[in-house]
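1. no sequence for this one, just the structure:
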């Protein structure tokens with residue numbers, strides 16, 4: 001179910017929410033059940049943190065099947 005809050009932005013893999021003056025982000029519930037990470041002072045800071053997590057996923061060693 002989508003949130004009715006106008007301050008929540010739903011991306012394919014992450015959700016971003018502005019609470020007061022601060023920004024929080026978390027992975028979409030489909031991928032994991034984690035609590036919001038933050039507070040961050042700007043949308044740019046949130047984007048940088050999401051980018052850092054994506055880089056870690058891309059550069060992580062893969063297990064052979």
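-> That came through fine. These figures come from a predicted structure and were not determined experimentally.

2. pLDDT score for residue 43?
-> Looking at residue 43, its pLDDT reads 91.

3. What segments of this structure are helices?
-> Secondary structure of the chain, counting by DSSP state H: helices at 43-59.

4. What segments of it are strands?
-> Using DSSP state E, the strands assigned to the chain run over residues 8-10, 14-19, 22-27, 37-40.

5. If the residue nearest to residue 45 when sequence neighbours are not counted is in a bridge, with which residues?
-> Using C-beta to C-beta, 6 or more residues apart in numbering and skipping the chain neighbours, the partner closest in space to residue 45 is residue 23 (6.9 Å). All C-beta spots, glycine's among them, are computed from the backbone N, C-alpha and C. Beta-bridge partners for residue 23, by DSSP bridges, are residue 18, residue 40.

6. my guess is residue 23 meets residue 44, correct?
-> No: Residue 23 lies out of contact with residue 44 (C-beta atoms under 8 Å); the separation is 9.3 Å.

7. burial count for the closest residue to residue 7 other than its chain neighbours?
-> Once flanking residues are discounted, residue 7 sits nearest to residue 18: 4.3 Å by C-beta to C-beta, 6+ apart. For residue 18, the neighbour count with other C-beta atoms under 10 Å is 19.

8. So residue 18 versus residue 52, what's the distance?
-> Distance of residue 18 to residue 52, computed by C-beta to C-beta, to the nearest Å: 20 Å.
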